[in-house]
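Chemist: Model the following, please.
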Amino acid sequence: MAEKSKILVIGGTGYIGKFIVKASAKAGHPTFALVRETTAASSPEKAELIESFKSSGVTLLYGDLNNHESLVKAIKNVDIVISTVGVGQIPDQVKIIAAIKEARNVKRFVPSEFGLDVARVDSPVEPAASFFGQKVDIRKVIEAEGIPHTIVLSYAFAGYFLPSLGQIDSTVAPRDKVTILGDGNVK
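Modeler: Here you go, the predicted model:
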C-alpha cells in the first residue's frame, strides 16, 4: 500500500480549514496545521478546536504567513500544502508560493479558492471584481512558478452568505437596508 501524503493546512482554524484538517486526519493522512502561537488564546472556540485537532492526531506547527522562515520550516514537513486562508489574505498566498519554491519538496499546492471559477466570470461588479482579480493573480503566480497545483471550485457556500443576505463584511442580516450590486440592468 502506498504511503499516505503528508498534508499541511494553512488557515486550518478558519471557516473552511477546520473541516479540511478534520477530514485529512480522519482519512489517515499525517496532517499538519499551521497556527499562530496566539490562536488558542484568541477565543475559547479556537482553543477547543485546537484541542480537537491534537486529539485527532494532527501535528500543530507554529508559524505565520508573515514569517517566511516559519512557512518554509512547516512546508518542509509535507508533500501537499492546502491553503484555506480567508478573503483578506488571498493576496498573501504569494508568501506561501515563495516558501514552497524555497522548500522544493511540495508535490501539490491547493490555493484558497473554494468558490466560483473566477477566470470564467463575465463582467463582475465591485467589490467582487477586485476580489476575483486577486484570485486570478494568485493563479498566474502559481503557474509562472511551475508549482503543481489543483484549483478546487465548489462555488458559493450558501451557509456563509445567507445569514447576512450576501452583505460583505457582515455577520447578521441587515435590519435597515440591503446593498444590491450592479445597476439592475440585465446584460
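Chemist: where exactly do the helices run in this protein?
Modeler: 17-26, 39-42, 44-55, 68-75, 93-103, 128-145, 158-161 (DSSP state H).
Chemist: mean pLDDT lowest for which of those?
Modeler: Across the helices of the chain, helix 158-161 has the smallest mean pLDDT, namely a mean of 58.
Chemist: ok, back up a step: do you know which of the helices of the chain lies nearest residue 85?
Modeler: With distances scored as C-beta to C-beta, the stretch of the helices of the chain nearest to residue 85 is helix 93-103 (6.5 Å). The C-beta positions use only the backbone N, C-alpha and C, and glycine is treated the same way.
Chemist: want to throw the helices of the chain into TSV with distance to residue 114 and mean neighbour count?
Modeler: Listed next are the helices of the chain as TSV, based on distance: least, C-beta to C-beta, whole Å; neighbours: other C-beta atoms under 10 Å:
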stretch	distance to residue 114	mean neighbour count
helix 17-26	9	20
helix 39-42	21	14
helix 44-55	19	14
helix 68-75	20	19
helix 93-103	13	20
helix 128-145	10	15
helix 158-161	10	10
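Chemist: how much space between residue 35 and residue 93?
Modeler: Distance, residue 35 to residue 93, by C-beta to C-beta, to the nearest Å: 17 Å.
Chemist: coming back round to it: of all the helices of the chain, which one comes closest to residue 11?
Modeler: helix 17-26 (4.3 Å).
Chemist: Which other helices and strands does the closest one contact?
Modeler: Helices and strands touching helix 17-26, by 3 or more C-beta pairs under 8 Å, 6 or more residues apart in numbering; DSSP states H and E, are strand 7-10, strand 31-35, helix 44-55.
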